[in-house]
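> Any chance you could fold what I've pasted below:
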Amino acid sequence: MSIQKKSLISTLKTAKKANVASEVKSEKMASMRMAKAAAVASTRATFKSLKSTQFKSAKANISTRVV
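Residues are numbered from 1 along each chain as shown. Okay, here's the model as predicted:
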């Protein structure tokens, strides 16, 4: 096998490894983004429920003071 063919094969193998590594990194980043989005959504839902609970509590306190 000639040196040129060996060099080409080596280059192709290196490129393939780089592509695989890039795909793995992209998948990890995508899963991290999804996890972050889920955490943010969960935090927003918790905050919203706390906010409505506090509003109801404050409204009840105002009602009892007026009477």
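
> When you work out contacts or count neighbours from here on, use the C-alpha atoms and nothing else.
Noted.

> And the residue positioned nearest the centre of the chain, what's its pLDDT?
The residue lying closest to the centre of the chain (Cα atoms, centre = their mean) is residue 33, at 1.9 Å. Note on residue 33: pLDDT of 83.

> Can you name every helix or strand that the host helix or strand of residue 36 contacts?
Under the criterion of DSSP states H and E, residue 36 resides in helix 3-66. Judged by 3 or more Cα pairs under 8 Å, 6 or more residues apart in numbering; DSSP states H and E, helix 3-66 is in contact with no other helix or strand.

> Tell me the spacing between the residue nearest to the centre of the chain and residue 7.
In this view, residue 33 and residue 7 are 39 Å apart by Cα to Cα, to the nearest Å.

> Could you do residue 30 as well?
Taken as Cα to Cα, the span from residue 30 to residue 7 is 35 Å.

> per-residue pLDDT, residue 56?
60.

> Quick check: residue 27 vs residue 46, distance?
Counting by Cα to Cα - residue 27 and residue 46 are separated by 29 Å.

> Please read the previous query as pertaining to residue 19.
As defined by Cα to Cα, residue 19 lies at a distance of 41 Å from residue 46.

> what does residue 12 give?
Distance from residue 12 to residue 46, counting by Cα to Cα: 51 Å.

> which stretches of the protein have low pLDDT?
For the chain, applying pLDDT under 70 flags the ranges 50-67.

> go again using 50 as the cut-off
66-67 (pLDDT under 50).

> Number of residues surrounding residue 13?
12 (other Cα atoms under 10 Å).

> Relative to residue 24, how far out is it?
Distance of residue 13 to residue 24, computed by Cα to Cα: 17 Å.
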